[in-house]
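A.B. asks: Below are the sequence and a predicted model for it; my questions follow.
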Amino acid sequence: MRRSQMTCALVTALIGFLYASAANAQEWIDCPASATMPPGGPQPTVSYRMLSDVCFIEQFPASSLPILLYDDFSWRSFIALAWPAKDGQRGVPDGGLALGSAAGRPTVFETFKSEWELFQTDGQDPKDWNEYGGLIPCDVSGLAFGDIVLAGSMKLDNIIQSGGSGPLLAQNRTFVRYTSGFNETFFRHIAGGRLFLRANLVNFTPLPAATIRVKAAWIDMQDIERQERFHTRDAWLFNIATGQCEKRTVGLAGLHIVTKTPTHPQGIWSTFEHIDNVPGPQAGQPLTFNNGDGTPMPKSNPITCFDPATCPAPQPFNVERITKIHDIGNFSTARTNVRYRAMLAQQYPDSPWQNYQLVMTQWPLKRNRGDLDGSPANTFPGTSSSAIPGIPNDATAFANTTMETFRQEHVDGNGCMGCHNAAKSRDFVFSLSVRAFPRREGR
């Protein structure tokens, strides 16, 4: 073996060790080894531990769609990531605390490494896992554990939705802000291989199991009624008019979770929203993105100019859910939402987490097939031509109204995994293609 090959092998082994250590630091629980699936499927569970994979899949009737099992995985993931984080340890839940019990304590997902921390605009190495900071458009010094900075690497980065469809304006006339985060396993894979540099992407190797990435949608809570219904945090919010970050109270409006498991190399994709975002059977009033006057949602984003330096103040518009959340029979996303929300309301009556709902879980139909892409034919919810008995392509929502507002139709090109197919060679992670230094021109 040549010296360069030996060096590469040693580095690979060392990075593999770091991955394993990071995965062990996570709070995971394996599926029961021999237990039989309870009648009616998994029971709603509140736990700070995430499931390492989808459980009972081998026992599920072959003639049925196992949406119940995947949606249970999504809810378990959501609750674990919403758990109060252990003080001073990013990405680690505090098992000694109850869900929503520690006012001001950041949640697990809020302590993940931010996109702007990992991908530096000058190509420098990011700070170590438990450290905070990096280059952002505004000067925020002395960041402490759990601090959230709602700013991107460039001025308008964190208000533009994926696909370039522009910003989303809440009814209180403030822009939704987006932030992406990565767990320690993900971070160490990228940092260890220095894959934040574009020149190194040719050496990309697949992310290991137990990697998690999240994307959150936040709203400025000014003039929002019934703020107690939201999970809120104080955050540094970038003011695009002044170019400075201001301390504001923000509320969580939506959350994407992508979890890579041993049997799902393309990841399991889960998306949640606050029930008061848009009209729906469980929504409270007033709605965050709809004024209730019956004016239909526009076909495309009417806000085409939004930099206050050059544009007039934009006007809010009504947002609707174009396709309802899957609600076919007892094994449905809607029924799983009812069970989990009822359990949270009973066990934690004062917690806002009962006011969130799962919109969709998307997963690869064939396990252990990392060679398959994320097109609808290979994933749920698929299309009308997919081999999914009894499930037409218009039977379930596949988009989050806070993050893909104008991409709620035509799953072929707009579904999560289908859209991310452009980054399949890099484990469907757009951040690597877009944010690696030097950043792609115009992105």
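C.D. replies: The structure has been received and is ready for your questions. Residues are numbered from 1 along each chain as shown.

A.B. asks: mind listing what residue 239 touches?
C.D. replies: Counting by CB atoms under 8 Å, 6 or more residues apart in numbering, residue 239 makes contact with 245, 246. C-beta here means a position set from N, CA and C on the backbone, and glycine is covered the same way.

A.B. asks: Residue 306 contacts residue 166, correct?
C.D. replies: Yes - counting by CB atoms under 8 Å, residue 306 does reach residue 166; the two are 6.9 Å apart.

A.B. asks: Look up which residues are beta-bridged to the closest residue in space to residue 232 that isn't next to it in sequence.
C.D. replies: In space, and not counting its chain neighbours, residue 232 is closest to residue 251: 4.8 Å by CB to CB, 6 or more residues apart in numbering. Per DSSP bridges, residues listed as beta-bridge partners of residue 251: residue 219, residue 232.

A.B. asks: Just the CA trace of stretch 185-200, in PDB.
C.D. replies: The C-alpha coordinates for stretch 185-200 follow below in PDB (Å, rounded to 0.1, in the frame of the first residue of the first chain):
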ATOM      1  CA  THR A 185     -22.800  13.200  13.800                       C
ATOM      2  CA  PHE A 186     -23.500  15.300  10.700                       C
ATOM      3  CA  PHE A 187     -21.200  18.100  11.800                       C
ATOM      4  CA  ARG A 188     -18.200  15.800  12.500                       C
ATOM      5  CA  HIS A 189     -18.600  14.100   9.100                       C
ATOM      6  CA  ILE A 190     -18.500  17.500   7.300                       C
ATOM      7  CA  ALA A 191     -15.900  19.100   9.500                       C
ATOM      8  CA  GLY A 192     -13.700  16.000   9.600                       C
ATOM      9  CA  GLY A 193     -13.600  15.800   5.800                       C
ATOM     10  CA  ARG A 194     -13.400  19.600   5.400                       C
ATOM     11  CA  LEU A 195     -16.400  19.300   3.100                       C
ATOM     12  CA  PHE A 196     -17.300  22.900   3.800                       C
ATOM     13  CA  LEU A 197     -14.700  23.600   1.100                       C
ATOM     14  CA  ARG A 198     -15.900  23.100  -2.500                       C
ATOM     15  CA  ALA A 199     -12.600  21.700  -3.600                       C
ATOM     16  CA  ASN A 200     -13.100  18.800  -1.200                       C
END
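
A.B. asks: State the pLDDT value of the residue nearest to residue 232.
C.D. replies: Looking at residue 251, its pLDDT reads 97.

A.B. asks: Give me the distance between it and residue 74.
C.D. replies: Distance, residue 251 to residue 74, using CB to CB, to the nearest Å: 21 Å.

A.B. asks: And residue 36, by the same measure?
C.D. replies: Per CB to CB, residue 36 is found 22 Å from residue 74.

A.B. asks: Repeat that for residue 292.
C.D. replies: From residue 292 to residue 74 the distance is 29 Å (CB to CB).

A.B. asks: neighbour-wise, which of these two wins?
C.D. replies: For residue 292 and residue 74, the more surrounded residue by other CB atoms under 10 Å is residue 74, and the numbers stand at 28 against 12.

A.B. asks: hang on, that one is in a helix, isn't it?
C.D. replies: Yes - when DSSP: H, G, I helix; E, B strand; the rest coil is applied, residue 74 is found to be in a helix.

A.B. asks: residues touching residue 140, list them.
C.D. replies: 147, 149, 236, 245.

A.B. asks: To clarify, my last question referred to residue 285.
C.D. replies: Applying CB under 8 Å, 6+ apart to residue 285 gives the contacts 276, 292.

A.B. asks: where does it land in three-state SS?
C.D. replies: Put simply, residue 285 is coil when judged by three-state DSSP.

A.B. asks: Residue 216 now?
C.D. replies: strand.

A.B. asks: For the stretch 301-443 of the chain, which segments are assigned as strands?
C.D. replies: 356-364, 379-380 (DSSP state E, counting those that start in this stretch).

A.B. asks: Which stretch among those strands approaches residue 210 most closely?
C.D. replies: In terms of CB to CB, the element of the strands of the stretch 301-443 of the chain nearest to residue 210 is strand 356-364, at 16.6 Å.

A.B. asks: What's the mean pLDDT across that closest one?
C.D. replies: 95.

A.B. asks: go on, stretch 173-189?
C.D. replies: 97.

A.B. asks: What are the buried residues along that stretch?
C.D. replies: 174-189 (16 or more other CB atoms under 10 Å).

A.B. asks: nearest spatial neighbour of residue 362, skipping sequence neighbours?
C.D. replies: In space, residue 362 is closest to residue 269, 4.2 Å off (CB to CB, 6+ apart).

A.B. asks: Now do the helix or strand in which the one you found is found: which elements does it pack against?
C.D. replies: Taking DSSP states H and E as the definition, residue 269 sits inside strand 264-274. Counting contacts by 3 or more CB pairs under 8 Å, 6 or more residues apart in numbering; DSSP states H and E, strand 264-274 is packed against helix 67-81, strand 244-261, strand 356-364, helix 416-419.

A.B. asks: For the helix or strand following the first one, which strands pair with it and how are they oriented?
C.D. replies: Spelled out, it's helix 67-81. Later in the chain than helix 67-81, the nearest helix or strand by DSSP H and E is strand 113-114. Partner strands for strand 113-114, per DSSP bridges, with pairing direction: strand 177-182 (antiparallel).

A.B. asks: Just the angle for the helix or strand just after the strand it pairs with relative to strand 244-261, thanks.
C.D. replies: The element immediately downstream of strand 177-182 (helix or strand, assigned by DSSP H and E) is helix 184-192. Computed by axes from the mean of the first three to the mean of the last three CA atoms, to 10 degrees, the angle separating helix 184-192 from strand 244-261 equals 100 degrees.

A.B. asks: elements contacting helix 184-192?
C.D. replies: So helix 184-192, by 3+ CB pairs under 8 Å, 6+ apart, packs with helix 3-25, strand 113-114, helix 115-118, strand 212-220.
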